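1. Here is the input, now give the coordinates:
(2 chains)
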Amino acid sequence: MDKKELQKYAHNLMFELSNEELEALEGDFDVLKAQLDLLNKVDTTNVEPMVYPFVLETTYLRPDEADHLLTQEEALANAPQVKQGHFVVPKVVK
Amino acid sequence: MNYQMTIGIEIHMELNTKTKMFSGAPYHFKKEANTCTNEVDLALPGTLPCVNQMAVKKAIEACAALNLKIDPLVCFDRKNYYYSDLPKGYQITQQFHPIGRDGYLTIKDEGVSKKIRINRIHMEEDTAKQFHLHDETLIDFNRAGVPLIEIVSEPDMHTPREAALYVEKLRQIMTYIGVSDAKMEEGSMRCDINVSLARADSEELGVKVEIKNLNSIANIETALKYEYERQSELYDKGETITQDTRRFDEKSQTTVLMRHKEGSIDYKYFPEPNIFPIALKEDYIKEIIAKMDELPDVKLERYEKKMGLSAYDANTLLSDKELANFFDETMKLCDNAKLACNMLVSEIQGLLSKLGQSLCESKLSPGALAKIVKMVDAGEISSKQAKEVLSAAIDGADPSEFAQKMGLKQNSNEDEILKLVLEVLNENPQSISDFKNGKDRAMGYLVGQVMKKSKGQANPALASRLVKEELAKR
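-> Residues are numbered from 1 along each chain as shown, chains lettered A, B, ... in the order given. Sure thing, here's the model as predicted:
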C-alpha cells in the first residue's frame, strides 16, 4: 500500500492525511501485509469460505414491540451542534 | 423517428411496523425530530442490530402477493458508504440473498392484461432525513432504521401509462395486504425510474437515464412523457444521451439534471457479521401466507362473479380499502350486495362529503347499514325513506329505532292501499277522464295523491300497480 493509494482511500472517506500520518500508516500496512502473506501460505484447497467464525443457525426474530427509546435531549447529547432538535453538520450537497 | 421506450422501476416501501428494522425504537411519521431513536439507530458504540419479526413477516407477505419465490434463509449484507444520513457508515441490506426473487404482477389497460416481471424484493433499513439549509444540513434520525422493502422490476414497461399502472397496482396491493401505507406524498413509497430510448428497429437498449423525486403517480406519467420528448429530440438531432440522474421538477413539470453518472460507486458489500443467517421454518412461511388479507384482484373477482356487482361498482369499492372493508363487513350481515353497494357508493358518500367526514370518522357501522338494507329488502321502508334513515345512522342512530320513532315505515298491505286508491279515484274524476284521453301524466298525479294520503308510507310500486289496475276497470 503506497501513499497515493492511502490518500485515495482517505479521500473516499472524506478526510485528509498529513505527511507524517501517511508515513506512519505506510509502515503499519507493511507489517499488516507481511502477516496477511503468512496467512496466504496456508493451504485452503477444498475448504469452503466461511463468513462467520462458527456455523450457527438462528431462528430468533425480535417481536415488534416498542422497547427502548431515547428522549430528544439524550439523542442529541453528543452532538457538537444542535438546531431545532436536529443534528447540524456541514452541508455537503450543492 | 419512432423510438421504443424501455422502463424499469425500483420502489422503496416503508413497512408499517411499530418498531424499526433492527431496533425496538417505535416510529411514527411526523413526530418531532430525533424523538424516535435509540442507541442502535444512532450507531452508538456497543450496539447490535436485532431483526424485527413483523418486518420479515410483511416482507414475506409482499413477496407472496407478487408471486416471488421466498428464500427461507434470511441473510443481511453491508452496503458501505460514507454520508451523514447513515450514522453507521453502512446500510444493512440484502445484497446477496434477497428475501424474494422472480415474481410478477399483472396490469390491466383497457381490458388488456400484461405481466410485469419483478426481479427481486429485499429488506433494508431507511436512512435519516436531511434538511439542506443555506450553509448547513440538519439531520433528523427518526426515519433512520425504519424497515423498507425494495421492489425491483424487470425492464418490462414500454409506455408512461404502463409505468403508472404498474406503480398504482403495486400501491393497491401493498395497501390491501396491509404491509405499507404506501403514501407517495409522505415518502412511505418512493419510486426511482430507469428509462432508455432506442430506435424501434434496434435490438440494443439505449442509454439509461434515472429519474428521481417522483412523488405521485400522475408525475410518473408526466415525467416519462417528457423524457420521451427530450430524448427523442436529442436522437433526432444526432446527439448522444448521457447516463444521467435527473429529478422531476414539479413546477415546470419536466425533468432536470441532478448529476452525471461518474462510474459506479463501489459499495464494498459483504455479509453483515452482526446478524447470523436466520432460518425460517417452512410452516412459519406457509402460515403467514395462509393468513394474508385477500388480494385486490381476488376481491374484484368475488364482487363481480359471486356478488353480481357491475365492473364499475366493484372497482369503485376497490378503489378505497376502507370502503371495500366496510362493504365486506356489511355483507357478512345481509344479502343484497347490489343495494348495499349502491347505498355505500352513492348515498352514503354523498352524505359524508356534505358533512366533510370520511367513512371511518362517521358513526355509521356495517351493522347499521346491513339493517337498513334488510329493511328496504323486506319492504319495511321505501328507498326514499332509507335515505332519511341512512342520514340518521351516520349520526349514530339505530336504524330500526329511528324509523319507528319517525313513523317511517312502508305500508305494503294491499287492502289498506286499495282503500286509499279507491278514495283518490272517487275524488278525482277529472284525472280519470284525462287519463282515458291519453294524458299519461294523470296517472302519476293519482299515485302521488295516494302517497300523500298514506303520509308517504304506501309502497310506491304497489300503489302504482293498484292505481293502474283500478283505472283499467273504469
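
2. And the contacts of the longest strand anywhere in chain A?
-> Longest among the strand segments of chain A by residue count, using DSSP state E, is strand A:86-90. The contact list for strand A:86-90 (C-beta atoms under 8 Å, 6 or more residues apart in numbering or on different chains) reads A:76, A:79, A:81-82, B:33-34, B:84, B:131, B:136-141. Where you see a C-beta, it was placed from the backbone N, CA and C, and this is true even at glycine.

3. ok, the residue nearest the centre of chain A - contacts?
-> With distances taken as C-alpha atoms, centre = their mean, A:Leu13 lies nearest the centre of chain A, 10.0 Å away. By C-beta under 8 Å, 6+ apart, A:Leu13 lies in contact with B:Tyr82.

4. Same check on B:Asp244?
-> By C-beta under 8 Å, 6+ apart, B:Asp244 lies in contact with B:Val209, B:Glu210, B:Leu257, B:Met258, B:Arg259, B:His260, B:Lys261.

5. just B:Leu446 next, same as before
-> Contacts of B:Leu446 (C-beta under 8 Å, 6+ apart): B:Val424, B:Leu425, B:Asn428, B:Ser431, B:Phe435, B:Val467, B:Leu471.

6. Against which helices or strands is the helix or strand hosting the fifth one packed?
-> Per DSSP states H and E: B:Phe435 is located in helix B:429-436. The contact analysis (3 or more C-beta pairs under 8 Å, 6 or more residues apart in numbering or on different chains; DSSP states H and E) places helix B:429-436 against helix B:441-453.

7. what's the following helix or strand after the helix it packs on?
-> Using DSSP H and E, the helix or strand that follows helix B:441-453 in sequence is helix B:460-473.

8. With only the CA atoms kept, save that following helix in PDB.
-> Presented in PDB, the C-alpha positions along helix B:460-473 are these (Å, rounded to 0.1, in the frame of the first residue of the first chain):
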ATOM      1  CA  PRO B 460     -94.900   3.200  -4.200                       C
ATOM      2  CA  ALA B 461     -94.700   0.200  -6.500                       C
ATOM      3  CA  LEU B 462     -97.800  -1.300  -5.000                       C
ATOM      4  CA  ALA B 463     -99.700   2.000  -5.100                       C
ATOM      5  CA  SER B 464     -98.700   2.400  -8.700                       C
ATOM      6  CA  ARG B 465     -99.900  -1.100  -9.700                       C
ATOM      7  CA  LEU B 466    -103.200  -0.700  -7.900                       C
ATOM      8  CA  VAL B 467    -103.900   2.700  -9.500                       C
ATOM      9  CA  LYS B 468    -103.200   1.200 -12.900                       C
ATOM     10  CA  GLU B 469    -105.500  -1.800 -12.300                       C
ATOM     11  CA  GLU B 470    -108.300   0.300 -11.000                       C
ATOM     12  CA  LEU B 471    -108.100   2.800 -13.800                       C
ATOM     13  CA  ALA B 472    -108.400   0.000 -16.300                       C
ATOM     14  CA  LYS B 473    -111.700  -1.100 -14.600                       C
END
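
9. Same question for that helix: list its buried residues.
-> Neighbour counts using 16 or more other C-beta atoms under 10 Å in any protein chain shown place B:Pro460, B:Leu462, B:Ala463, B:Ser464, B:Leu466, B:Val467, B:Glu470, B:Leu471 of helix B:460-473 among the buried residues.

10. Hmm, the second one is touching B:Leu418, no?
-> No - shown here, B:Leu462 and B:Leu418 do not form a contact pair, counting by C-beta atoms under 8 Å, at 9.2 Å.

11. What parts of chain A come near chain B?
-> A:12-14, A:51-52, A:56-72, A:75-76, A:78, A:83-93 (C-beta under 8 Å from any C-beta of the partner chain).

12. buried subset of these?
-> Of the residues of chain A next to chain B, these count as buried by 16+ other C-beta under 10 Å: A:Leu61, A:Arg62, A:Asp64, A:Leu69, A:Leu70, A:Gln72, A:Ala75, A:Leu76, A:His86, A:Phe87, A:Val88, A:Val89.

13. Now the two most distant members of these.
-> Spatially, the most separated pair among these is A:Leu61 and A:Val88, at 36.3 Å (C-beta to C-beta).

14. which regions of the stretch 301-450 of chain B lie under the pLDDT threshold?
-> Within the stretch 301-450 of chain B, the stretches with pLDDT under 70 are B:407-408.

15. Quick one: low-confidence residue ranges for chain A.
-> Within chain A, the ranges that satisfy pLDDT under 70 run A:94.

16. Now do the SS call for B:Arg117.
-> For B:Arg117, the assignment made with DSSP: H, G, I helix; E, B strand; the rest coil gives strand.

17. Next up, the contacts around it.
-> If you count contacts by C-beta under 8 Å, 6+ apart, B:Arg117 has them with B:Asp102, B:Gly103, B:Tyr104, B:Ser153, B:Glu154, B:Asp156.
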